[in-house]
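Engineer: heads up, no residue letters with this:
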Ligand code: AMP
């Protein structure tokens, strides 16, 4: 299973990506984690990217593409989190996967408002003290998401591979308690795998949309994939 998880910082990507990766027995490849580990190790790469991370800016595309090419070289499946963030990265990823005949099976988009994302990142800053959770860096990261990464979301939306999840559900902030998601879009491209993926969501008590969350669904034109959502 090759899954891409997209969404702004604070949408719960890391949490969901880990969960899905575990369920499918595939690695969770998070570029932010890789870069933070490089900073912590004091490697050459770490020294190079440290000021960029602290400002909440983006690491240059060529560097990111090389890093991902190397990381995915021997992987059959993965949950990719934090990459691609720009159109150039998305094009490079698609070309890379095309070349080896291993296209993405699903793209998950976690949808949250800037207000919710900001509140969660501030809470995380208080709890973990991440250098890029300063108010300026948070603003910068969300701005870059809207300016650059939303184009990537649109690219995959047009390719018909995305599943949209309402990331503001309480589930996405609490790790315990009742588990519940609302999946409102199904990706119709590669039937078998995607069907299995939606089954997985159901097995994990995530509710696949059937009209109950109609407003959210309407906002994301969920009717396109109704048959898959049943
Ligand atoms: P994240 O943990 O995904 O929010 O990433 C933390 C930081 O790492 C980002 O704010 C960027 O500075 C950098 N980063 C992670 N992934 C990428 C990427 N695909 N392209 C450019 N910069 C990235």
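Structural biologist: Sure, I can see it. From a predicted model like this one, the values you see are computed outputs, not experimental measurements.

Engineer: ok, residue 7 touching residue 112?
Structural biologist: Yes - look at residue 7 against residue 112 with C-beta atoms under 8 Å: they come within range, at 6.8 Å. Glycine gets a C-beta too; all of them are placed from N, C-alpha and C.

Engineer: burial count for the closest residue to the ligand within the chain?
Structural biologist: Closest residue of the chain to the ligand, C-beta to the nearest ligand atom: residue 32 (1.9 Å). The burial count assigned to residue 32 is 18, neighbours taken as other C-beta atoms under 10 Å.

Engineer: swap in the one 4 residues further on?
Structural biologist: Burial measure for residue 36: 18 neighbouring residues, criterion other C-beta under 10 Å.

Engineer: Over to residue 148?
Structural biologist: The number of residues packed near residue 148 is 16, by other C-beta under 10 Å.

Engineer: got the contact list for the closest residue to it other than its chain neighbours?
Structural biologist: Excluding its sequence neighbours, the residue lying closest to residue 148 (C-beta to C-beta, 6 or more residues apart in numbering) is residue 86, at 4.9 Å. Residues in contact with residue 86 (C-beta atoms under 8 Å, 6 or more residues apart in numbering) are 58, 61, 148-149, 151-152.

Engineer: ok, for residue 57, nearest residue in space, not its chain neighbours?
Structural biologist: residue 140 (6.7 Å).

Engineer: hang on, isn't the residue of the chain closest to the ligand packed against residue 82?
Structural biologist: Yes - counting by C-beta under 8 Å, residue 32 sits close enough to residue 82 to count as a contact (4.6 Å).

Engineer: Please report phi then psi for the residue nearest to residue 148.
Structural biologist: Per-residue torsions, residue 86: phi -130, psi 160 (degrees, to the nearest 10).

Engineer: Model confidence score at it, please.
Structural biologist: If you check residue 86, the pLDDT there is 97.

Engineer: for residue 166, same thing?
Structural biologist: 54.

Engineer: which residues touch residue 136?
Structural biologist: The contact partners of residue 136, by C-beta under 8 Å, 6+ apart, come to 55-56.

Engineer: ok, so what distance separates it from residue 12?
Structural biologist: The gap separating residue 136 from residue 12 is 23 Å, by C-beta to C-beta, to the nearest Å.

Engineer: Could you check the pLDDT of residue 75?
Structural biologist: For residue 75, pLDDT reads 93.

Engineer: Start at 103, not 1
Structural biologist: Yes, from this point I'll number from 103; that puts the last item at residue 177.

Engineer: Am I right that it is in a strand?
Structural biologist: No - using DSSP: H, G, I helix; E, B strand; the rest coil, the assignment for residue 177 is coil, not a strand.

Engineer: Name the nearest residue to it, sequence neighbours excluded.
Structural biologist: Nearest non-adjacent residue to residue 177 (C-beta to C-beta, 6+ apart): residue 129, at 6.2 Å.

Engineer: quick one: the strands in the chain?
Structural biologist: Taking DSSP state E to define them, one finds strands in the chain at 104-108, 130-132, 180-183, 208-213, 264-268, 284-285, 309-310.
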